[in-house]
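Novice: Quick one, what's the 3D model for this:
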Amino acid sequence: MAVSEKMKNFSEKSSWIRKMFEEGARLKAEFGNDQVFDFSLGNPDVPPPPEFRKILMETAAEALPGQHAYMPNGGLPWVREAIAARMSDEQKVEVNPADMLMSCGAAGAINVVMKALLNPGDEVILLAPYFVEYSFYVDNHGGVGKVVNTDAEFNIDLGTIEQALSEKTRAVIINSPNNPTGQLYSAESIAALGRLLESASQKFESTIYLISDEPYRKIIFDDWEVPSIFEHVRNSIVLSSFSKDLSLPGERIGYLAVHPEADDKTALLDAMTLATRILGFVNAPALIQRVVAQLQDAVVDNSVYARRRELFCRILEDAGYEFIKPKGAFYLFPKTPIDDDVAFCALLQKQKILAVPGRGFGAPGYIRLAFCTDEDYIERSAAGFRAAFAEATS
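Specialist: Numbers count the residues shown, from 1 in each chain. You can find the predicted model right below:
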């Protein structure tokens, strides 16, 4: 067989979103795009901030020498300076531009970190529900993803993490606001996690890093605040992208920063810089680096996502679903009225509604619904959600 057994198995495990996409294409061809309610993809549809296009056009029109040339693997220095200044305010710790790298999205950043940290067989703890690709990113670099559950409201469960820690643990990945739940971890829980990892690092005589994946940091609701990681956890790495807060997922632009007092910081940054090159990224895209540097205070119109969240929550509540109201991101993660989340997705498909089974995120018995879709679209799906719930519980 031309395809490796590992990739064949991975394809089967990661197929839920792809299956929903394919099913959506079939239903849309049969019934029309406006009659199929596809909530399976987290593809932001709110336009980028208005200043984005102006800055993009001005930047593209510049004719200075070397605008599209190779650059340092870590990215343009003045771009890192702009992002470090904004991060210093967010993190309440002075972030040095030299402690940062630009990346090809947050996914590129995680792969760079994993390449730099992991020896074969090293473990990375993932908190379920988790973004499905994390386990593959860990495996890419010889590591083993060790999944532990969050609590009943999808908050950090220190007890389960403590039980999972071992001499093989190299990192814990958190994602807050979270995909798929929309949960936001508190400053107190992050500080407690930091103390646990510091204690475990001393016990096992090996640094355990906290890696915080933060692409939804600016998409929050109800005046919630995303706490600083650097303020509470010394051995930490914060990474993010502009895919969600500027609605630029296709531009593949992100970044990472290492805590200024992290253990082995210089060696870690050197390894990540080398990883950026040898993984084939070489450097983050030049043009879009220059653009986002000028957009550090910009963000999409979050009021659009806020209205959709309220509408979707009302529809699901009226139909009888149980869920935790999301504090951020643009997902709902309701419990399915029957244990089999795949079977319930099939009932939704009968109503021309597409959702992703929770088992794809390490949490069977739930479904993920993305509300980066038009409000009218959400409103017209209400009858289908009611009908599927009624059929499941009859």
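Novice: residue boundaries of the helices in this structure?
Specialist: Along the chain, counting by DSSP state H, helices occupy 5-13, 15-31, 50-61, 77-91, 105-117, 134-140, 158-164, 187-204, 265-278, 286-293, 302-319, 341-350, 375-380, 382-393.
Novice: Now Ala257. Nearest residue, chain neighbours left out?
Specialist: Leaving out its chain neighbours, the residue that sits closest to Ala257 by Cβ to Cβ, 6 or more residues apart in numbering is Met100, at 4.6 Å. Just so you know, the C-beta spots here come from the backbone N, C-alpha and C atoms, and that holds for glycine as well.
Novice: I figured the one you found hits Leu256, correct?
Specialist: Yes: taking contacts as Cβ atoms under 8 Å, Met100 lies within contact range of Leu256: 6.8 Å.
Novice: Mind checking which of these two has more residues around it?
Specialist: Shown here are Met100 and Leu256; by other Cβ atoms under 10 Å, Leu256 has more neighbours (27 against 24).
Novice: pLDDT below threshold where in this structure?
Specialist: Where the chain drops to pLDDT under 70, the residues are 1, 11-18, 21.
Novice: Could you chop it up by domain?
Specialist: As given by automatic domain parsing, the domain ranges for the chain are 5-48+300-393, 51-293.
Novice: what about the shortest one, start to end distance?
Specialist: Going back to what we said before, that points to domain 5-48+300-393. One end of domain 5-48+300-393 sits 40 Å from the other (Cα to Cα, to the nearest Å).
Novice: from here on, count from 404
Specialist: Okay, using 404 as the starting number, the last item reads as domain 408-451+703-796.
Novice: Tell me, how many residues neighbour Glu426?
Specialist: Using other Cβ under 10 Å, Glu426 has 17 other residues around it.
Novice: The one 5 residues further on now?
Specialist: For Lys431, the count of nearby residues is 16 (other Cβ under 10 Å).
Novice: ok, for it, nearest residue in space, not its chain neighbours?
Specialist: Counting by Cβ to Cβ, 6+ apart, Lys431 lies nearest to Val439, which is 4.8 Å off, once chain neighbours are set aside.
Novice: Equivalent analysis for Pro450, please.
Specialist: Ranked by Cβ to Cβ, 6+ apart and with sequence neighbours excluded, the top spatial neighbour of Pro450 is Ser650, at 6.3 Å.
Novice: and that neighbour, what does it touch?
Specialist: Ser650 makes contact with 447-451, 703 under the criterion Cβ atoms under 8 Å, 6 or more residues apart in numbering.
Novice: quick one: which of those residues is nearest Lys409?
Specialist: Using Cβ to Cβ, Pro447 comes nearest to Lys409 of the contacts of Ser650, at 31.3 Å.
Novice: Could you find the closest non-adjacent residue to that closest one?
Specialist: Spatially, and ignoring its direct neighbours in sequence, Pro447 is nearest to Ser650 (4.5 Å; Cβ to Cβ, 6+ apart).
Novice: ok, now how distant is that neighbour from Asn705?
Specialist: 11 Å (Cβ to Cβ, to the nearest Å).
Novice: Same question for Val551.
Specialist: To Asn705, Val551 is 31 Å away according to Cβ to Cβ.
Novice: more neighbours, the two?
Specialist: Using other Cβ under 10 Å as the criterion, Val551 and Asn705 rank with Val551 on top: 20 against 17.
Novice: The closest residue to the more buried one other than its chain neighbours: how many residues sit nearby?
Specialist: Leaving aside its chain neighbours, Val551 sits nearest to Thr563 (4.3 Å; criterion: Cβ to Cβ, 6+ apart). Thr563 has 16 neighbours, counted by other Cβ under 10 Å.
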